[in-house]
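Engineer: Curious how this folds, go ahead:
(one chain, ligands or ions: 1)
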Amino acid sequence: MAKKQFKSESKRLLDLMIHSIYTHKEIFLREIISNASDAIDKLCYISLTDDKVGLTRDDFKIIITADKEKRTLTISDNGIGMTAEELESNLGVIARSGSLQFKKDMTDTNEDVDIIGQFGVGFYSAFMVADKVTVISKAYGSDTDTANMWVSAGSDGYTITPCQKVSVGTDIIIDMKPDEEEEDYCEFLEEDTLHRIIKKYSDYIRWPIIMDVTKSRQVDGTETDKDGSKKKIWEDYTETEVINSRIPIWQRAKSEVTDEECMQFYKEKFFDMEDPVSVLRISAEGTVTYKAMLFIPAKAPHDYYSREYEAGLQLYTSGVMIMEHCADLLPEHFRFVRGVVDSQDLSLNISRELLQHDRQLKVIASNLEKKIKAELKKLMDNDYDKYVLFFKSFGLQLKYGLVNGYGANRDMLSDLIMFYSSKAEKLIPLADYVKNMQEGQKYIYYACGENAAKLDKLPQAENVREKGYEIFYMTDDIDEFVVRSLMKFEDKEFRSVNDDDLGLESEDEKKETEKLETENKDILDFVKDSLSGKIAAAKLSHKLKSHPVCLTTQGGISLEMERYFAALNTEASENMKAERVLELNVNHPVFAALKDTFTSDKEKAKKYAELLYGQSQLIAGVSLDDPSHFADLISELMV
Ligand code: ADP
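Structural biologist: The predicted model follows:
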C-alpha cells in the first residue's frame, strides 16, 4: 500500500515533535483528549436535532486504556469521527488557525521548546512519546461498515486503509517509544501517571474521561503467613472510574481557580502565546443567569485588522457549545475580547438566525459591554504600563468605535482613549489632560502629523507651547476624525493648533492684527495671486513667533484628512482637498523684505512668495509640488 507524504510544514512540526527534548512530553495526552472532546461536542450538537445519532448526552465519553505488555495507550471517543478524506486532510496537514504565526515564531527562535508547552500543538504532539500512531475512525453518517485506519511511524509518511469499527467515533492508539536513559516512556502507561496528567490538564473537560483503576479490597477469611501469623486477605480488582471533575473552568468558584490556571486555559484555547492583560470572571444572576470568562489579549493576533479575523465569544448553554464565535455578544469596539459565555437560559436547539434576536442574548451582551468597559478603565487607572501595552494593540479599534458610532459610543469609549502628550512625552488619557490644564487655558490643543518629533517643532504651536500648555500630538490617520466625534471632553473643546483662533490673544491684540491685515491687504492679495490657485488665502498670522510662515487650512478638511482620503483612492478623494492658507508673520524680518521687494521688484517678490510657500509646505510635512523649481529659487537667491 502506497505511503503518502506529509505536507512540508506538517513535516517540520512533526520532526520537531519526534526530536523534541521538551520536558513536558506529558501534554500529548491533553492534546489528544481535547480533540476527542471537540469531536464529541460536534456529535452532541447534532444529536440535539437529529434522532439518528442514537445517543443522549449521558452516553458520550472518552476512554483511556493502557496496555503495558503491548506498550500501547489508547484514547477512544464516541464523537463525530472522520472519513478517509478527513483523516487525510486533518492529519496530513496542519489545520490549525494559528499555524502560520506559530511557524513564524518557531523559525524566529531556536528555543522552540517552550512554545510547545504554551501553545496547543495538537495531534502531532503524540509523536513526542510514540513510535507509531494509529487512528481508527468511523465518521457519523457513513455506511455501517465503512471505517478507516490511519497509521504513521513518523516523518516518512502515513497510510490510510479501510478497516472494521463497530461504532461511530475515533480510537487513537499510541505505541510508546522504547525507554531511554533520560525518559521512561513506560511511565505513560502507569495508572498513577495517567491519573495525574488527566487531573492536571483535562480536569475541566465536560465529557467523562474514563479509565480502569486498580483497587484493593478485603475478602472474607484470613491466610496464614510463613511465621504462622494470621493475615487478612486482600485482592486486587479493577473498577472503571471517571477521572475528571468535569466542571469547566468558568463554572468553578473564583476562589478555586488561580490566575495562572485561567491564563493557561486562555493560551491553549485561543492559541495565544502571551498572557492576556486581564481576565474577567462574571457570574450573573437575575434577568438572565450566566457565567462568563473573558480575556483581554495583550497583543493583536496577526490577522486582527484583516477580514479573516473572526470576532465573538464561545457560547455554551448547559455545558454544550452551540457557537464558536458568537459575534452578537460583543460590540464592534470590543471585538478583541476572547472568552466563553455559558447560560442555561438559552434554548439548546435555537438556530443562529433566531439567536440574533434573542432577548436574553441582548441582555448578556449589554452587561458584558459594561463589564469590559469597567475592566479596561480599572486597568488604565491601576496599571498604566499594561494598559499602554493593550492600547498599542487595540487603541485603534477603540478609536474606530468612536468614529463609526457617529459619537453614539462617546460615553462608553472617550475615557478609554489616550493620546501622546507634548509635556508628559507619553500616552495619557483625556481626563489627565483636563486635570493638567492651566489657569486661563480654554481648549484642549492638538496637532496632527507624522510623528511627535516633527509636531514638536510646528511653528504655529510655538505660542501654545510657550504658554506652558500641553498639546496632544496625534499621529494616527483616524485621530482627527476621533476628535470630531468627541467634540468636547468634560466640557472642554478641542482645538487644532492650525486653528485661526487659539484663544491666546487678548481683544486688543486681535484688533491690532486685524488693523495690520487691512494695511497689508495689497501685498497679501499679491502673494495669493502669485501662487496661482494653490492656496485659498494668504493672511497675517495670529500665532507665529520666531518663524516667518506656516501652512494651515480653512474649512472642514485638514491636510491630514486630505492625505487620508487620498490614500483611500476613491472617486470622492478628488473632492476631498484641504483649502490651504499661508500664514505670514508680520513681525519677522522676512516679511519686511517681502514688502520692500513688493514695491521695488514685482518679479522677484513673486519668487519670494513661492519660496515662502515652499517653506511652509516643508515644515508641515507636505511634499513640494515642484522640488527642483524650489531648489532653483534657493540657488538664485544665493548667487
Ligand atoms: P486542532 O485540533 O487544533 O484543529 P489537531 O492537529 O489536533 O489540530 O487536529 C486536526 C484535526 O483533526 C482536528 O481539527 C479535527 O478535525 C481532527 N481530529 C483530531 N482528532 C479527532 C478526533 N478524535 N475525532 C474527530 N476528529 C479529530
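Engineer: wait, isn't residue 149 in contact with residue 160?
Structural biologist: Yes: Residue 149 lies in contact with residue 160 (CB atoms under 8 Å); the separation is 7.0 Å. (Each C-beta comes from the backbone N, C-alpha and C, glycine too.)
Engineer: and stretch 449-465, how far from the chain's centre?
Structural biologist: Chain-centre distance of stretch 449-465: 32 Å, with CA atoms, centre = their mean, to the nearest Å.
Engineer: how about it: buried residues?
Structural biologist: By 16 or more other CB atoms under 10 Å, the buried positions in stretch 449-465 come out as 449, 452, 455, 458-465.
Engineer: do stretch 241-251 as well
Structural biologist: Using 16+ other CB under 10 Å as the test for burial, stretch 241-251 gives 243-244, 246-251.
Engineer: again, but for stretch 405-420
Structural biologist: Neighbour-count burial for stretch 405-420 [16+ other CB under 10 Å]: 405, 409-410, 412-420.
Engineer: Equivalent analysis for stretch 570-585, please.
Structural biologist: 576-578, 580-585.
Engineer: Not counting it itself, show me its contacts.
Structural biologist: Applying CB atoms under 8 Å, 6 or more residues apart in numbering, the contact partners of stretch 570-585 are 460, 524, 527-528, 531, 534-541, 543-545, 547-555, 557-559, 561-562, 565-566, 591, 594, 612-613, 616.
Engineer: Ends of that stretch, what's the gap?
Structural biologist: Separation of the first and last residues of stretch 570-585 by CA to CA, to the nearest Å is 37 Å.
Engineer: as a whole number, average confidence for stretch 53-73?
Structural biologist: Averaging pLDDT along stretch 53-73 yields 95.
Engineer: Just give the nearest non-adjacent residue to the closest residue to the ligand within the chain, would you?
Structural biologist: Going by CB to the nearest ligand atom, the ligand is nearest to residue 122 of the chain, at 2.7 Å. Counting by CB to CB, 6 or more residues apart in numbering, residue 122 lies nearest to residue 31, which is 5.5 Å off, once chain neighbours are set aside.
Engineer: Counting neighbours, what do you get for the one you found?
Structural biologist: 21 (other CB atoms under 10 Å).
Engineer: ok, it touching residue 126?
Structural biologist: Yes: between residue 31 and residue 126 there is a contact under CB under 8 Å: 7.5 Å.
Engineer: Residue 64 - that's part of a helix, no?
Structural biologist: No: counting by DSSP: H, G, I helix; E, B strand; the rest coil, residue 64 is not found in a helix; it is strand.
Engineer: Number the chain from 36, please
Structural biologist: Done: numbering now begins at 36, and the last item shifts to residue 99.
Engineer: so can I have a markdown table of the buried residues of stretch 276-286 showing distance to residue 325?
Structural biologist: Below are those laid out as a markdown table (distance: CB to CB, whole Å):
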| residue | distance to residue 325 |
| --- | --- |
| 278 | 28 |
| 279 | 23 |
| 281 | 19 |
| 282 | 16 |
| 283 | 13 |
| 284 | 15 |
| 285 | 10 |
| 286 | 11 |
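Engineer: contacting residues for residue 106?
Structural biologist: Residue 106 touches 210-211, 220-221, 224, counting by CB under 8 Å, 6+ apart.
Engineer: Now, those that are in strands?
Structural biologist: 210-211 (DSSP state E).
Engineer: contacts with the ligand among the contacts of stretch 605-620, please.
Structural biologist: The subset of those within reach of the ligand, counting by CB under 6 Å from any ligand atom, is empty.
Engineer: Okay, and which of the residues you listed map to strands?
Structural biologist: 572-575, 584-589.
Engineer: correct me, but the residue of the chain closest to the ligand touches residue 70?
Structural biologist: Yes: under the criterion of CB under 8 Å, residue 157 makes contact with residue 70 at 7.1 Å.
Engineer: Any stretches of the chain with poor pLDDT?
Structural biologist: For the chain, the stretches flagged by pLDDT under 70 are 36, 55-58, 128-156, 353-355, 382-392.
Engineer: secondary structure class for the residue lying farthest from the centre of the chain?
Structural biologist: Ranked by distance from the centre of the chain (CA atoms, centre = their mean), the top residue is residue 263, with 73.4 Å. Of the three states, residue 263 takes coil under three-state DSSP.
Engineer: Show me which residues of this protein are close to the ligand?
Structural biologist: For the chain, the contact set with the ligand under CB under 6 Å from any ligand atom comprises 66, 70-71, 74, 112, 114-117, 125-126, 130-131, 157-158, 205.
Engineer: List buried residues within those.
Structural biologist: Burial by neighbour count, judged by 16+ other CB under 10 Å, picks out 66, 70-71, 74, 112, 114-117, 125-126, 131, 157-158, 205 from those.
Engineer: Just the element for the residue nearest the centre of the chain, please.
Structural biologist: The centre of the chain sits closest to residue 335, judged by CA atoms, centre = their mean, with a distance of 2.9 Å. Here residue 335 sits in a region with no helix or strand, counting by DSSP states H and E.
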